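Chemist: Only the shape, not the letters, is given here:
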């Protein structure tokens, strides 16, 4: 046996997506990081060992403009390009290479941390080191650092350090949560094993093992959906162990899940109810995907009420959007639905105070073990949300190590620094504005070759029967009013009712307050443009949710050419999942108004007024994702002979060494690592493909600093070999990956 001691600025224990993003975030801020993982692969429940879809704030397309940015966003976009078929082993590589790209990270795979050296009284403890055993290498490694992150999911490091925590469900009276039980108990969400099937092209027999369960003698066939063509996450409901201890009873839970999987497959193959002769089992998991165990107590405990109120915490460091998704304690044997869902009206916020221990001074945590009640955990637990929490925790850890402060001291004295650092790194935060004094772009005069000023979608690609209410989301400018024309057919003279609603909150995309309503006469005719007055001028720039009420005598038209900032909705299609499997309340606005069937489509319309939503100044307005408007520069349509450009100009020459560019990667597009659905493209069309950056000196001479081709990433950071003196900078977009417009979200410039 070899005994080793390693010293780092930060030790991250747990190599799931929360731990990966925490380690990468800290490393990119210059800190030496040990990333310790007890499995041979990274990715946790998303890895090829477990194979759970990486879900997050998009909630499978329920929420709008909700896909994560930052490190998690990079992995989503990279996987879309590299791995369009959703191969779980290629996803492993995407995660691994994200870590290996950071020279400041030392990765320790197969290293199980089970010893913690902590000191101090119960109310004020401090971790000195953690020790792990590297399986297969007979190395006992002691990790020392001033800051530790528990990203283990089960929370073993914090538990061994004496961190305060909860297991199970809080009583309703503790936090006033409607979905909490009357009395506290130890019930958790259960664990799951998944399986893959494939068509072998010839008959394949299946002889069940002796331990396979006869599921015909269980409630499963009556209460769960079984189909021969399903596999993988379609069987998320194969869940058990919520009434047991999901850690200490892990082996028992795995055996029960195995017995049920083989029983289900026996039922599919041998019951005669399906055409499954050529199907075979390709893969069965052996490591239960755990949903819940310890939840640490931080300076703040996130609750159901915070989620539903979308509480805009002053220290918000990440957002989520998955529904509060709770499952029955009996799991797959329950007679009730496999899950019940409660949605907020849009994305909600997570405070930094829920990411560090209330009594272990140098411990942060990220993932499903953060400081949240059981009910709130029902939404924060999904992996993309865990990942963005991880990026925030890793960023905070780096600042703690850099300044020699505890997480609580960082929270009390340096929250603005944390938030601005997250914004600079393009992390997933909502409603925060760039206030970085070092960003020279904030002081520049910004101009462009053109910008889109007219809102329209005039090319009809598909007729749409107005059999249900529909809606369009448009940017609305203060002081600007006018008419919107709809392209439609009317089978007979009739009327059309149109309403204008505000959305209530900048992060929401649902009707909240009726601002204007009108009904106009419609003559009989086909492909006629019908003008409707929009009599609403908001006090500040925001979105307008325009509803067109159903009329069976009318057909509208859909254009298949999307335009950033515009969304189309239809009412009443809901979540589209069998009610015997999931229980959603369809009256919730984000479920009631669905865009799932209309992604990348808009209803044909045109306006007679101009918009300021796409002006070039938007690249320095401080926001880097949609929030009460699109917040980006959108050029007029590009031509072969005219490449659009943006210019930043200063009164005096500036010393420039670093340029940050953020291009539009359409965060409304729902991307999943194992491909819950396929997109028709591998690179998001809105992303800029070829571009160059030039500088102008005081004499008016231009020189090329950067020339890039084949770009497929959202954020590009260009560090110049030597600083330049620039009176102006110009970004020229030579080609996109499919969009007709140049689309730029933000430019930052640093000395």
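Modeler: Good, I have the coordinates. Because the structure is predicted, anything quoted here is derived from the model rather than measured.

Chemist: Show me the shaky parts of the chain.
Modeler: 573-581 (pLDDT under 70).

Chemist: can you pull the buried residues of stretch 131-138?
Modeler: 131, 132, 133, 134 (16 or more other C-beta atoms under 10 Å). (Glycine included, C-beta is placed from N, CA and C.)

Chemist: For the residue lying closest to residue 63 once chain neighbours are set aside, list the residues it contacts.
Modeler: Among residues not flanking residue 63 along the chain, residue 321 sits closest, at 4.1 Å (C-beta to C-beta, 6 or more residues apart in numbering). Contacts for residue 321 were tallied using C-beta atoms under 8 Å, 6 or more residues apart in numbering; they are 56-59, 62-63, 66, 344, 346-348, 379, 385.

Chemist: In helices only, show me the residues you listed.
Modeler: 379, 385 (DSSP state H).

Chemist: Drop anything exposed from the contacts of residue 321.
Modeler: By 16+ other C-beta under 10 Å, the contacts of residue 321 give 56-59, 62-63, 66, 344, 346-348, 379, 385 as buried.

Chemist: now, which of the buried residues of stretch 131-138 sits nearest residue 632?
Modeler: residue 132 (45.1 Å; C-beta to C-beta).

Chemist: Can you give me every residue that contacts that closest one?
Modeler: Applying C-beta under 8 Å, 6+ apart, the residues near residue 132 are 13, 36, 38, 108, 111, 112, 113, 114, 115, 140, 141, 143.

Chemist: how about 7 Å then?
Modeler: 36, 111, 112, 113, 141 (C-beta atoms under 7 Å, 6 or more residues apart in numbering).

Chemist: If you rank those residues by neighbours, which is first?
Modeler: For the contacts of residue 132, the largest number of neighbours (other C-beta atoms under 10 Å) sits with residue 36, at 30 neighbours.

Chemist: one step back: now for the buried residues of stretch 131-138, which pair is the farthest apart?
Modeler: Every pair of the buried residues of stretch 131-138 checked by C-beta to C-beta; the farthest is 131 and 134, at 10.8 Å.

Chemist: ranges for the strands of the stretch 551-700 of the chain?
Modeler: Secondary structure of the stretch 551-700 of the chain, counting by DSSP state E, counting those that start in this stretch: strands at 554-559, 567-571, 582-584, 593-594, 602-603, 605-610, 633-634, 645-663, 688-696.

Chemist: Need the winner for burial among the ones you listed.
Modeler: strand 633-634 (a mean of 29; mean count of other C-beta atoms under 10 Å).

Chemist: Is residue 322 located within a strand, as I assumed?
Modeler: No. Assessed with DSSP: H, G, I helix; E, B strand; the rest coil, residue 322 is coil; it does not lie in a strand.

Chemist: show me the residues around it that make contact.
Modeler: Residue 322 neighbours (C-beta under 7 Å, 6+ apart): 55, 56, 57, 59, 379, 382, 385.

Chemist: Can you verify my assumption that the fourth one contacts residue 323?
Modeler: Yes. Between residue 59 and residue 323 a contact is recorded at 6.1 Å, counting by C-beta atoms under 7 Å.

Chemist: count of residues packed around residue 384?
Modeler: 30.

Chemist: Of all the strand elements in this structure, which one is longest?
Modeler: strand 715-736 (DSSP state E).

Chemist: Within its sheet, name the partner strands of that one and how each one runs.
Modeler: For strand 715-736, the pairing partners within the sheet under DSSP bridges are strand 645-663 (antiparallel), strand 688-696 (antiparallel).

Chemist: Parallel or antiparallel, list what pairs with the very next helix or strand once past the shortest one.
Modeler: Moving toward the C-terminus from strand 688-696, the next helix or strand (DSSP states H and E) is strand 702-708. Looking at strand 702-708 with DSSP bridges, its paired strands and their directions are strand 688-696 (antiparallel).

Chemist: can you give me the strands for the stretch 1-150 of the chain?
Modeler: Counting by DSSP E, counting those that start in this stretch, the strands of the stretch 1-150 of the chain are 2-7, 10-13, 33-36, 105-108, 111-119, 126-134, 139-144, 147-150.

Chemist: just checking, what packs against the second one?
Modeler: Right, the one you point to is strand 10-13. helix 17-28, strand 33-36, strand 147-150, helix 383-403 (3 or more C-beta pairs under 7 Å, 6 or more residues apart in numbering; DSSP states H and E).

Chemist: Let me know which of these is the nearest to residue 649.
Modeler: helix 17-28 (30.3 Å).

Chemist: I'd like to know which elements that closest one is packed against.
Modeler: strand 10-13, strand 33-36, helix 70-82, helix 88-100, helix 383-403.

Chemist: Deepest-packed of these, please.
Modeler: Taking mean count of other C-beta under 10 Å, strand 10-13 is the most buried of these, at a mean of 31.

Chemist: picking up where we left off before, mind picking the two most distant members of the contacts of residue 132?
Modeler: Longest span within these, C-beta to C-beta: 112 and 141, 10.4 Å.

Chemist: hmm, back to that, tabulate the strands paired with strand 715-736 (JSON lines), appending distance to residue 506.
Modeler: Converted to JSON lines, the strands paired with strand 715-736 look like this (distance: least, C-beta to C-beta, whole Å):
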{"stretch": "strand 645-663", "distance to residue 506": "19"}
{"stretch": "strand 688-696", "distance to residue 506": "26"}
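
Chemist: ok so, going back, any idea of the angle the longest strand of the chain forms with helix 70-82?
Modeler: 40 degrees (axes from the mean of the first three to the mean of the last three C-alpha atoms, to 10 degrees).

Chemist: In CSV: the strands of the stretch 1-150 of the chain, plus distance to residue 415.
Modeler: Conversion of the strands of the stretch 1-150 of the chain to CSV gives the following (distance: least, C-beta to C-beta, whole Å):
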stretch, distance to residue 415
strand 2-7, 29
strand 10-13, 19
strand 33-36, 23
strand 105-108, 26
strand 111-119, 26
strand 126-134, 22
strand 139-144, 28
strand 147-150, 17
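
Chemist: Dump the helices and strands packed on strand 10-13 to JSON lines, plus distance to residue 363.
Modeler: Output for the helices and strands packed on strand 10-13, formatted as JSON lines (distance: least, C-beta to C-beta, whole Å):
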{"stretch": "helix 17-28", "distance to residue 363": "13"}
{"stretch": "strand 33-36", "distance to residue 363": "15"}
{"stretch": "strand 147-150", "distance to residue 363": "5"}
{"stretch": "helix 383-403", "distance to residue 363": "10"}
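
Chemist: Closest to residue 32 out of the buried ones among the contacts of residue 321?
Modeler: residue 385 (27.4 Å).

Chemist: So which residues of the stretch 201-350 of the chain form strands?
Modeler: 239-240, 279-284, 295-296, 316-320, 324-326, 339-342, 348-351.

Chemist: who wins for proximity to residue 410 among those strands?
Modeler: Taking the strands of the stretch 201-350 of the chain one by one with C-beta to C-beta, strand 316-320 is closest: 11.1 Å.

Chemist: List the neighbouring strands of the closest one plus their orientation.
Modeler: strand 348-351 (antiparallel).

Chemist: how far out from the middle of the chain is the partner strand?
Modeler: Relative to the chain's own centre, strand 348-351 is displaced by 13 Å; criterion: C-alpha atoms, centre = their mean, to the nearest Å.

Chemist: Is residue 442 in contact with residue 620, as I believe?
Modeler: Yes. Between residue 442 and residue 620 there is a contact under C-beta under 7 Å: 5.6 Å.

Chemist: Could you report the distance from the residue lying closest to residue 472 once chain neighbours are set aside to residue 409?
Modeler: Sequence neighbours aside, residue 546 is the residue nearest to residue 472 in space, at 4.9 Å (criterion: C-beta to C-beta, 6+ apart). Using C-beta to C-beta, to the nearest Å, residue 546 is found at 48 Å from residue 409.

Chemist: more neighbours, those two?
Modeler: Per other C-beta under 10 Å, whichever of residue 546 and residue 409 has more neighbours is residue 546, with 26 against 13.
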